[in-house]
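# all I have is the shape, not the residue letters:
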């Protein structure tokens, strides 16, 4: 592994020790290739070989952070010198608390798929697999992205922590078109799992083909099946709102909710799962050197915990949950608890409703009350008496996130590992049937 | 970074068979202050510095970025990118080429009246703390449980060299402030408002914006909206959409659908495609005579300001829609070639590690000659939507929604009682055909426009006058 990276962290740390009471140095080395597929061919190949240095600095309880995308180490020292001049001019941070005491951290194993290293220099096989997996199902047009990365992370802290991790990441998503209909699917994982990658094309094509017949719908309340892509998008926002920083800052439906309060249907369990090595957000330690662990944020509908670093924990009388972010705690991987239904069984349950296969552009009118809307894209399938009867096109879920969470009625057994443009935290997401959801579209 | 080294990289790429090569050195420096309830949480500095290299080789357009800036590392980056291009070349069916252009050779810089160092950090913090103080002391019957503020100074410098003779140096400083508040009433629930200021320039912008006064005035008005706001009329009425909302609407429903790469399907799997097709240019009628939307990177002091794009093409104003007709899409050299036209300088990159793609800069609806009073004087019953929080639009930029925050009834030509959360949900044609008047009050608002994968956020302005729409049925939130 790149012990050189750890040495660099230590070398920077030794220079910070004279100027700061506390500090942490984190370096990411990213080797990434991204191939963009457009109209069934490769339109662009991106290669990025980057070195990113992040510093956390504290003097007299004033907090400073520095992010540097540079390999010029002299800049690191210069900036940390410059920023120390502010110490006498500013007040203590409202969120200050000392870096936590170092405890043993159990490392994660098997987070590097060596095949990804090979595919980095020749992504042709996977690109072909992705394109053909959809074309072979009978679609006209394929667009999408394959991203392969090897990421090394090193952390050294003034609390004595030293950690090093090297892992792989594979993200692939396709949007495929058949006539006026489209479907989309995605995969995010640690490994170049060819079966899962092939499934991306197949699932996207499945919805593109299902949506070829058009149907109409009037705005109103419907039972709605959310695909794993939609569940991933909405539950990423729920997880973001569970970050104690966003609760403190007014960007959360949990602002006036206490631990132990019911916030969702009893079927809903949301887990932050940094120890799930199949997902690329997995990590053994957080940015403060605290060992990560899997935790239920929502357990059978009850809020169990917010996500904390040591600062938010200190402010709110909790303990760190191993989710630092030096300033903002965040989820590493999201796993949504599965149920005992299947996608087909869910469809049979719906008398008059929709299956929304994909969404984008989720925006809130009020984060505290959770009023939001999001727009469907790709197949939005009208279901009548348990049968798919056509594609209603682009409609909107316009409701309250609180209501949506409470109205979950069925969850599927099957789940998918998802990461794409609209699901940025790696997520294992099932299908969900949600009752009585407000659907809108333009009046004219 | 020396020009010679960038030239060396370009020449090396050509020497191993590239048809086109460009090397862009870019450094982005940020200084950020984060406050909650007027109290400082943290001070952040960030520097992103490196070289982005774009090469057309083996019919594959390849982009590579590195922040390891020695000659050897840069050449290795070119070699790796070319190797990967070769590996993928048989998956390319349509050869890529660029439009012929007379590329720029020059430099540009935004001059500031007050340098970022002309105020000390504690003086800046005093101003930002005052935002919270003025907000909390301006309300009488409601509470403000939390405010959140981010203050960002950004300096962006670029040096671009390409194999077609382009050579451009740019230097643009920008300032932005974001202030979010939650207002709460035991009886009436809560509302949330996110205010933003942003432009290119220095600390003189704070004198111009007067953010403390703006917060004070707006919070007073929002208190009335929360306490006394009623539901919007259920029947179709005339709706006057304020500049802030109009700006966003033209950004979403004229700017994005007129990006030529989107029209050609290059963003299909991410931000989507466009209701506009290549054959619509110069022909398709999207609205009435009021529907004139301009996109202009050269507005002095604007948030989206630049003089040359990242392909060294000279920037200029363009008409996206002109008197209701689809006019000129935003182009880079690749899409211009496909459309058999010339690039209009829309290629931008967020940072050195991002490929240059077609982006907006400053987009606005052309204003008219009326005053606001004249715009509303003959409305018997209507609604004025001054600001918004929630919005979205579909992936072809046709079906759009904006939820009003500060909104009022219009009764007999005058503003009346406040309204809570009116929903304007309409199609793009419904908006541009529904305009029955525009006033002369052109105003701009800042935003960070997202596009591409890896996602790139670039600073933009969007703006417009106040716009009157006829016969609109408003919805309500749940």
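Nice, thanks for sending it over. Note that the structure is a prediction, hence the values are computed from the model and not measured.

# flag every residue of the stretch 301-450 of chain B that's near chain A.
Selection of the stretch 301-450 of chain B residues close to chain A by C-beta under 8 Å from any C-beta of the partner chain yields B:351-353, B:355, B:389-396, B:398-401, B:403, B:405, B:421, B:423, B:425-427, B:430. For every residue, glycine as well, the C-beta is placed using N, CA and C.

# quick one: which of those sit in helices?
Using DSSP state H, residue B:430 are the members of these that sit in helices.

# drop anything exposed from the residues of the stretch 301-450 of chain B next to chain A.
Those of these that meet the buried threshold are B:351-353, B:355, B:389-396, B:398-401, B:403, B:405, B:421, B:423, B:425-427, B:430, by 16 or more other C-beta atoms under 10 Å in any protein chain shown.

# please narrow those to those residing in strands.
B:389-393, B:399-401, B:403, B:423, B:425-427 (DSSP state E).

# closest one of the residues you listed to residue A:360?
Proximity of those to residue A:360 (C-beta to C-beta) peaks at residue B:392, which lies at 8.0 Å.

# which residues are in contact with the closest one?
Listed by C-beta atoms under 8 Å, 6 or more residues apart in numbering or on different chains, the contact set of residue B:392 reads A:360, A:361, A:362, A:363, A:373, A:374, A:375, A:396, B:400, B:401.

# out of these, flag the one nearest to residue A:308.
Using C-beta to C-beta, the contacts of residue B:392 come closest to residue A:308 at residue A:362, 24.8 Å.

# next one: phi and psi at residue 127?
If you meant another chain, say so; for now it's chain A. As for residue A:127, its main-chain torsions (degrees, to the nearest 10) stand at phi -60, psi -50.

# wait, I meant chain B there
Per degrees, to the nearest 10, the backbone of residue B:127 is at phi -60, psi -40.

# okay, now it: neighbour count?
For residue B:127, the neighbour count with other C-beta atoms under 10 Å in any protein chain shown is 15.

# show me the contacts for it.
B:206, B:211, B:212.

# tell me the most packed of these, by neighbour count.
Busiest of the contacts of residue B:127 [other C-beta under 10 Å] is residue B:211, holding 22 neighbours.

# please see if stretch A:397-415 touches chain B.
Yes: residues of stretch A:397-415 contacting chain B under C-beta under 8 Å from any C-beta: A:398, A:399, A:400, A:403.

# list the buried residues of that stretch.
A:397-412, A:415.

# quick one, domains of the chain?
No chain was given, so I picked chain A. Chain A resolves into domains spanning A:3-206, A:213-444 when parsed by automatic domain parsing.

# that's the wrong chain, I meant chain B
Split by automatic domain parsing, chain B gives B:3-228, B:237-476.

# deepest in the core, which of the ones you listed is it.
domain B:237-476 (a mean of 22; mean count of other C-beta atoms under 10 Å in any protein chain shown).

# kindly check the end-to-end length of that domain for me.
Using C-alpha to C-alpha, to the nearest Å, the end-to-end distance of domain B:237-476 comes out at 14 Å.

# so for the helix or strand of chain A with the lowest mean pLDDT, what gets flagged as buried?
The least trusted helix or strand in chain A, going by mean pLDDT, DSSP states H and E, turns out to be helix A:73-84, with a mean of 89. Going by neighbour count (16+ other C-beta under 10 Å), the buried part of helix A:73-84 is A:76, A:79, A:80, A:83, A:84.

# following element in sequence after that helix, please.
Moving toward the C-terminus from helix A:73-84, the first helix or strand encountered (DSSP states H and E) is helix A:114-121.

# and residue A:246, which helix or strand is it part of?
helix A:244-249.

# residues making contact with that helix?
Contacts for helix A:244-249 (C-beta under 8 Å, 6+ apart): A:240-241, A:252, A:254-255, A:306-309, A:312-313, A:315-316, A:318, A:325, A:327-329, A:367, B:36, B:146, B:148, B:180.

# toward the C-terminus from that helix, list the very next helix or strand.
strand A:270-272.

# and that following strand, how far out from the chain's middle?
How far strand A:270-272 lies from its chain's middle: 12 Å, per C-alpha atoms, centre = their mean, to the nearest Å.
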